[in-house]
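Chemist: here is the input, now give the coordinates:
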Amino acid sequence: MVSASSFILFGEPVASASSLAVFEINPINQTLSADGLAHGQTTITVIDKKTSQAVVGVWVGLQVTNPTLRSMESTYLDWYSPEPGRAFYQTDERGQVSFLMISSVPGEIEYAIFAANPELKNDNKYQDLEQRFKVVFE
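Modeler: Numbers count the residues shown, from 1 in each chain. Below you'll find the predicted structure:
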């Protein structure tokens with residue numbers, strides 16, 4: 001478990017954005033119904049690049065890479081939002097965060113994984129962790 005500087009958890013530094021990496025993605029490996037209901041979840045593990053240890057308390061969010069495949073009910077300010085008004089969730093003590101998978105738009109949807117620092121201005125607030133995964137909805 002790692003705590004470093006720059007990303008904020010309850011007012012305390014958690015991890016430097018440049019030191020974060022996606023270690024593991026466990027997406028849904030089946031076709032899901034595009035009915036606007038949750039049909040399972042995807043779990044993402046975030047680690048510190050230098051130590052390979054889990055990073056706790058980092059805000060993680062997803063963005064549907066193709067805007068035409070974003071469903072209105074699961075989008076908040078251009079971010080994937082499995083619940084109304086919320087798009088980013090914090091990693092737990094294992095460095096993991098889980099997202100319910102929901103869409104009312106059929107297709108192979110690619111999600112980009114981002115970290116966020118709520119303390120920074122909009123231009124610097126989000127960092128693309130350069131990992132993607134796909135879920136098929138029909």
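Chemist: ends of stretch 27-44, how far apart?
Modeler: 8 Å (CA to CA, to the nearest Å).
Chemist: quick one: contacts of that stretch?
Modeler: Contact partners of stretch 27-44, identified using CB atoms under 8 Å, 6 or more residues apart in numbering, comprise 22, 24-26, 60, 71, 73-74, 82, 96-107, 111, 113, 133-138. For glycine as for every other residue, the C-beta is placed from the backbone atoms N, C-alpha and C.
Chemist: what's the offset of that stretch from the middle of its chain?
Modeler: 14 Å (CA atoms, centre = their mean, to the nearest Å).
Chemist: if I pick the residue nearest the centre of the chain, what's in contact with it?
Modeler: Central residue of the chain (CA atoms, centre = their mean): Gly61, 2.9 Å from the mean position. Residues near Gly61 by CB under 8 Å, 6+ apart: 79-80, 87-89, 113-116, 126.
Chemist: would you write a ChimeraX line that selects the buried entries of these?
Modeler: To isolate the buried members of the contacts of Gly61 in ChimeraX, using 16 or more other CB atoms under 10 Å:
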select :79,80,87,88,89,113,114,115,116,126
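Chemist: turn the contacts of Gly61 into a markdown table, columns for pLDDT, distance to Asn66 and secondary structure.
Modeler: Below are the contacts of Gly61 laid out as a markdown table (pLDDT from 0 to 100; distance: CB to CB, whole Å; DSSP: H, G, I helix; E, B strand; the rest coil):
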| residue | pLDDT | distance to Asn66 | secondary structure |
| --- | --- | --- | --- |
| Trp79 | 97 | 14 | strand |
| Tyr80 | 98 | 12 | strand |
| Ala87 | 95 | 17 | coil |
| Phe88 | 96 | 20 | strand |
| Tyr89 | 97 | 22 | strand |
| Ile113 | 98 | 15 | strand |
| Phe114 | 96 | 16 | strand |
| Ala115 | 95 | 21 | strand |
| Ala116 | 92 | 21 | strand |
| Tyr126 | 91 | 18 | strand |
